[in-house]
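Engineer: Compute the structure for the input listed below.
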Amino acid sequence: MTSKVVVITGCSKGGIGWALCEEWNRRGHKVFAASRSLAKMQGLSQGITSVELDVNSEASVKAGVAKIIRQVGKIDVCINNAGQGYVAPLIKVGPVELRKTFNRSGTIVNIGSIVAYVPTPWAGVYCATKAAVHSLSDTLRMELRGFGIKVVCVAPGAIRSAIGASNDKRTVLSPGSVYSNLEAFVRSRGSWSQNPLSTTAEELASSIVDAALSKSPPRYLSYGYRSTSAKLSYYLPTSLKEYFWGTQFGIDQVGTSDNSHM
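Structural biologist: Predicted coordinates for the structure are as follows:
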């Protein structure tokens with residue numbers, strides 16, 4: 001198989017992006033790992049090139065892509081894993097540059113989540129951004145088809161990575177919050193994907209690479225613990241889903257504390 005040039009965003013140590021870099025590199029492809037901080041990518045295997053790139057800055061994206069093109073002349077696969085990268089970063093370089101970058105073909109992989117199908121309490125912003133990733137992937141797929149560029153949206157299930165521990169550390173309710181009696185539930189949602197049955201980031205990475213390298217990449221790839229049940233639950237009555245999540249994450253206790261008056 002011909003070696004591919006692969007660009008991956010959101011490659012901080014311990015996450016899905018890091019695992020993807022290692023898997024592509026292990027299979028003999030040229031990998032460019034991108035993150036806002038080069039320090040967070042220290043320790044990646046030899047052969048992986050680190051690039052400082054902020055997906056929220058158009059100037060940073062253009063500079064990062066230009067640097068890669070100067071080195072290798074093209075990009076075959078772009079994987080958008082950065083948490084706040086709502087749109088494929090390469091789209092920001094413009095349609096003419098995009099065609100040159102992908103050299104008439106290529107694959108864009110956007111990392112969404114099963115929470116796009118089943119939004120949960122205490123993670124509203126995260127659920128909304130992942131739903132946006134799914135919708136934008138569908139739009140991009142149609143808009144880029146004429147350029148020969150394929151778009152795959154990945155909806156991981158519960159994946160063990162550094163994100164769970166990070167979420168738990170960042171979960172702090174303000175003093176006097178109307179939800180103060182539910183802080184344990186809020187924290188449990190932050191680390192919900194981190195349990196012994198969760199799929200490893202390495203397993204997910206292998207599945208994503210297989211999909212991206214296939215002759216006909218799937219439009220959607222759902223993979224990992226709880227991914228199948230999440231997709232199926234999308235079709236359940238909303239009232240049933242709200243009841244389930246209410247008992248799971250303490251929603252039935254909202255308004256029962258002394259601080260609950262808004």
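Engineer: List the buried residues in stretch 150-161.
Structural biologist: 150, 151, 152, 153, 154, 155, 156, 157, 158, 159, 160, 161 (16 or more other C-beta atoms under 10 Å). In this view, the C-beta of every residue, glycine as well, is placed from N, C-alpha and C.
Engineer: distance between the ends of that stretch?
Structural biologist: Stretch 150-161 stretches 27 Å from its first residue to its last (C-alpha to C-alpha, to the nearest Å).
Engineer: circling back: from the buried residues of stretch 150-161, pick the one nearest residue 14.
Structural biologist: The shortest approach to residue 14 among those belongs to residue 161, at 6.0 Å (C-beta to C-beta).
Engineer: Let me know the pLDDT of that closest one.
Structural biologist: Predicted confidence (pLDDT) for residue 161: 80.
Engineer: which stretches of the stretch 101-250 of the chain form helices?
Structural biologist: Chain-ordered helices for the stretch 101-250 of the chain, with DSSP state H, counting those that start in this stretch as the definition, fall at 124-144, 162-170, 183-190, 201-213, 227-233, 238-248.
Engineer: And the average pLDDT for the third one is what?
Structural biologist: Per-residue pLDDT over helix 183-190 has a mean of 76.
Engineer: So which bits of that helix are buried?
Structural biologist: Using 16+ other C-beta under 10 Å as the burial criterion, the residues of helix 183-190 that qualify are 185, 186, 187, 188, 189, 190.
Engineer: The nearest residue to residue 54 once chain neighbours are set aside - how many residues pack around it?
Structural biologist: Leaving out its chain neighbours, the residue that sits closest to residue 54 by C-beta to C-beta, 6 or more residues apart in numbering is residue 60, at 4.1 Å. Per other C-beta atoms under 10 Å, the neighbour tally for residue 60 reads 18.
Engineer: Next: residue 37.
Structural biologist: Residues lying near residue 37 (other C-beta under 10 Å) number 12.
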